[in-house]
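Trainee: everything below, folded, please.
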Amino acid sequence: MTETATDSARPAGEPVFRPATPADVPALVALVESAYRGDSSRAGWTTEADLLDGRRTNPEAVAAAVGHPEGLVLLAERDGELLACCQLERQGERAYFGMFSVRPGLQGGGIGRAVLAEAERLAVERWGVGAMEMTVIEQRAELIAWYERRGFRRTGEFSPFPYGDERFGIPLRPDLRFAHLIKDLKADS
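Mentor: Predicted coordinates:
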């Protein structure tokens, strides 16, 4: 069977997971930027390009996440190609889940669900935490709904968007804020 362009855009088989190392930082920055900012992000459904301009992250922030003593950045790869990533950080009895990025052309194909499931498994196995939490820009209703279908729930808490701090992007509207979500984890997840 001949592989077509459509076939090559669809992932086949399960991704391989591993913790990121400092050598992965440039590829991670590129992945995160491509998933959330600019025209490349519009190929997927997780784009923030209509809400924010500028950068989503930088090498220093990613390097700090990779080297965090109570955390890790999880990579999903296939044949050595970076497909997706997320950040996990132990915060007491909970794990924080962030920097979740899937290559735009692969979004909607199951990679994100696999990364989230692996992150939950690792948080329970490594740290014995009972919950995973995250923040999502409140205006990202479709993304919040995706997380809710995977067991997260809104806490009713919000954090302000850091207007004026371009490390988080340049807001294109004045009403951005972060919604807090949480998911209870069970030892068998």
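Trainee: got a pLDDT number for residue 7?
Mentor: Residue 7 carries a pLDDT value of 37.
Trainee: for this structure, which helix is longest?
Mentor: Counting residues, the longest helix found in the chain (DSSP state H) is helix 111-127.
Trainee: so which elements touch the next helix or strand after that helix?
Mentor: Scanning forward in sequence from helix 111-127 by DSSP states H and E, the next helix or strand is strand 131-137. If contacts are counted by 3 or more Cβ pairs under 8 Å, 6 or more residues apart in numbering; DSSP states H and E, strand 131-137 sits against strand 94-102, helix 111-127, helix 141-149, strand 177-184. Bear in mind the C-beta positions are built from the backbone N, C-alpha and C, glycine included.
Trainee: can you pull the buried residues of the last one?
Mentor: What that stands for is strand 177-184. For strand 177-184, a neighbour-count test (16 or more other Cβ atoms under 10 Å) marks 178, 179, 180, 181, 182, 183 as buried.
Trainee: neighbours of residue 164, how many?
Mentor: Residues lying near residue 164 (other Cβ atoms under 10 Å) number 8.
Trainee: CA atoms of the longest strand seen in the chain as PDB?
Mentor: Scanning the chain for the strand with the most residues, using DSSP state E, yields strand 81-91. The C-alpha trace of strand 81-91 is given here as PDB (Å, rounded to 0.1, in the frame of the first residue of the first chain):
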ATOM      1  CA  GLU A  81       9.800  12.900  16.000                       C
ATOM      2  CA  LEU A  82       8.300  15.100  18.700                       C
ATOM      3  CA  LEU A  83       4.500  14.900  18.500                       C
ATOM      4  CA  ALA A  84       3.300  16.400  21.800                       C
ATOM      5  CA  CYS A  85       4.400  17.500  25.300                       C
ATOM      6  CA  CYS A  86       3.100  18.500  28.700                       C
ATOM      7  CA  GLN A  87       4.500  19.800  31.900                       C
ATOM      8  CA  LEU A  88       3.800  18.200  35.300                       C
ATOM      9  CA  GLU A  89       4.700  19.800  38.600                       C
ATOM     10  CA  ARG A  90       4.000  18.300  42.000                       C
ATOM     11  CA  GLN A  91       2.300  20.900  44.200                       C
END
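Trainee: other residues contacting that strand?
Mentor: 11, 15, 20, 24, 27-28, 31-32, 65, 68, 70-77, 95-103, 106, 111-112, 115-116, 119, 122-123, 126-127, 129, 133 (Cβ atoms under 8 Å, 6 or more residues apart in numbering).
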